[in-house]
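**Student:** structure, please.
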Amino acid sequence: MIYTSSHSLCKTDEYRMVAISGNKGKDYIDDNGNEYNGEFYSKLAPKLLFWSKWHEMKDKVSFEESTIFYIENYYNEVLSKLDPEEVYRDLNNSVLLCYEDSNEFCHRHIVAEWLELTLGIKVFECIIIKNNLEIVDRPKYVKKYLLKIMNNNSFEKRLIYK
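**Tutor:** Prediction:
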């Protein structure tokens, strides 16, 4: 089982924690003033170039446009180059961490949807406080946009190879 969560909403020592943000979780400081020292899975970190472009544009265009830009680039530059079965084997029994709250757009939600769509598994967004795990909703629009992007890319690839 793989879960996703925010650094600030996941306080436990009973689960394997794995940061997937580009900065390896190093900007997160816990309530005791400690930096994140846990594992980091670099294969799922966003690429700096498209992340920087997205960060510049996100306040200048609609939320939908900036979100689609991010998901499309993240899928094309990161996820499409990975084997979902290998990622699952590497990260099984862990909580994938990033910074945004559960209801905010975050690339960990894209990863969760990608694993669900490609492997037919369930990846839950959670909050873990004092080792009490609570399942919470993640934004629904991520799956819709990702599915459209994945389908468009599959169609384009079929056209290229014919």
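**Student:** quick one: residue 113 and residue 148 touch, right?
**Tutor:** No: contact criterion C-beta atoms under 8 Å: residue 113 and residue 148 do not qualify, at 11.6 Å. Quick note: C-beta positions are derived from backbone N, CA and C, even for glycine.
**Student:** tell me which of the two has more neighbours.
**Tutor:** Legend: neighbour count by other C-beta atoms under 10 Å for residue 113 and residue 148, higher for residue 113 (23 against 13).
**Student:** three-state assignment of that one?
**Tutor:** helix (DSSP: H, G, I helix; E, B strand; the rest coil).
**Student:** can you pull the contacts of the closest residue to it other than its chain neighbours?
**Tutor:** The shortest distance from residue 113 to any non-neighbouring residue, by C-beta to C-beta, 6 or more residues apart in numbering, is to residue 143 (4.6 Å). Contacts for residue 143 (C-beta atoms under 8 Å, 6 or more residues apart in numbering) come out as 113, 116-117.
**Student:** look up phi and psi at residue 143.
**Tutor:** phi -60, psi -40 (degrees, to the nearest 10).
**Student:** mind checking how far it is from residue 33?
**Tutor:** 37 Å (C-beta to C-beta, to the nearest Å).
**Student:** which residue packs closest to residue 38, ignoring adjacent ones?
**Tutor:** residue 17 (4.5 Å).
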